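Undergrad: Take this sequence and fold it.
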Amino acid sequence: MKCSATVLAAGFAGLMLTSSLPAAATVVLVKTNLGNFEVNLFDQTTPLTVANFLTYVKNGSYNDTLFHRSLPGFVLQGGGFKYSGNNTAPFTATAVLAPVKNEVLYSNLRGTIAMAKQQGKPDSATNQWFINLADNSQNLDTQNSGFTVFGQVTGNGMEIIDAIAKLPTNLATGFAEVPLRNYTAADVQAKVPVAKANLIQIESISVINNDPASAAALKPVQNTLIHQKKNDDSSSGGSLGWFSLLAVAALASCRRRSSRSSRSSRLAR
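TA: Purely as a prediction, here's the structure:
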């Protein structure tokens, strides 16, 4: 049965974000059940995106969410779902605010964090984000008018990210591309249900440094490809539907009708 991405339309009602909301912090601490890492945000150069992200941080929207998609050598994505506790329909979409305007300035290199968005809609980013596990500039700097990089993982944070990305995926029905820990093929054979403890939980994201100039020492690389190939979406943007919150959530809600349904379409790397 065909699932419509409009099922979450009601979730937008009354949840408007003022795009001029000032960014009041630069460094956030992401606590997970597999370790913590810090992200330095680019407040001064991607102010709308940082303000959007920090609004979700401050209202606690990211607390107890999970990393719902892991593609080793490519990206690790989170921010949009919680575990329902029901393996038949395991994911519950979190409420979203109004979309934020695309701010394409930096390149999607390893260790950067960028906003996910709907296919073919450059200004549709809401609460989902992803961390680049590799140099994805040739792919993501131009698709869908480019993906907004708004921060960078610092310190030894990528060790935590890489550890998550190395976890097995596609083990259990209904958890396609979801990284699972302490869950094996033997558990699948024994029909052991996936538990919350098997998922990589984002326990909280909090501000730990409110100095808006703390990113000055970082040297993010400019996205020059977007200027060279502005019309790339016509040839490759259609493959990026898995970054869409609405499409992902809609398909997740339809698992009861199709045990083989994917939460989103595939991304051609």
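
Undergrad: For the longest helix anywhere in the chain, C-alpha coordinates in CSV please.
TA: Ranked by residue count, the top helix of the chain under DSSP state H comes out as helix 47-58. C-alpha atoms of helix 47-58 as CSV (Å, rounded to 0.1, in the frame of the first residue of the first chain):
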residue,chain,number,x,y,z
PRO,A,47,23.4,31.7,11.9
LEU,A,48,19.9,30.6,10.7
THR,A,49,20.9,26.9,10.8
VAL,A,50,22.6,27.1,14.1
ALA,A,51,19.7,29.0,15.6
ASN,A,52,17.3,26.3,14.3
PHE,A,53,19.5,23.5,15.8
LEU,A,54,19.8,25.2,19.1
THR,A,55,16.1,25.7,19.4
TYR,A,56,15.7,21.9,19.3
VAL,A,57,18.5,21.6,21.8
LYS,A,58,17.0,24.0,24.2
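
Undergrad: Mind listing what's buried along that helix?
TA: By neighbour count with 16 or more other CB atoms under 10 Å, helix 47-58 contains the buried residues P47, L48, T49, V50, A51, N52, F53, L54, T55, Y56, V57. Any C-beta I mention is one placed from the backbone N, CA and C, and that applies to glycine too.

Undergrad: quick one: the fourth one from T126, how far?
TA: Here V50 is placed at a distance of 14 Å from T126 (CB to CB, to the nearest Å).

Undergrad: Look up the closest residue to I226, ignoring the ones flanking it.
TA: Nearest residue to I226, sequence neighbours excluded (CB to CB, 6 or more residues apart in numbering): G146, at 4.4 Å.

Undergrad: where in this protein is pLDDT low?
TA: Within the chain, the stretches with pLDDT under 70 are 1-24, 229-269.

Undergrad: Just confirm L48 contacts K101, I think it does.
TA: Yes: with contacts counted by CB atoms under 8 Å, L48 reaches K101, the gap being 5.5 Å.

Undergrad: picking that back up, give the next helix or strand downstream of the longest helix of the chain.
TA: With elements assigned by DSSP states H and E, the helix or strand that comes after helix 47-58 is strand 65-71.

Undergrad: and that next one, what does it pack onto?
TA: Contacts defined by 3 or more CB pairs under 8 Å, 6 or more residues apart in numbering; DSSP states H and E place strand 65-71 against strand 75-78, strand 81-83, helix 157-165, strand 201-209.

Undergrad: Do a quick rundown of the helices in the stretch 51-200 of the chain.
TA: Counting by DSSP state H, counting those that start in this stretch, one finds helices in the stretch 51-200 of the chain at the ranges 137-140, 157-165, 185-189.
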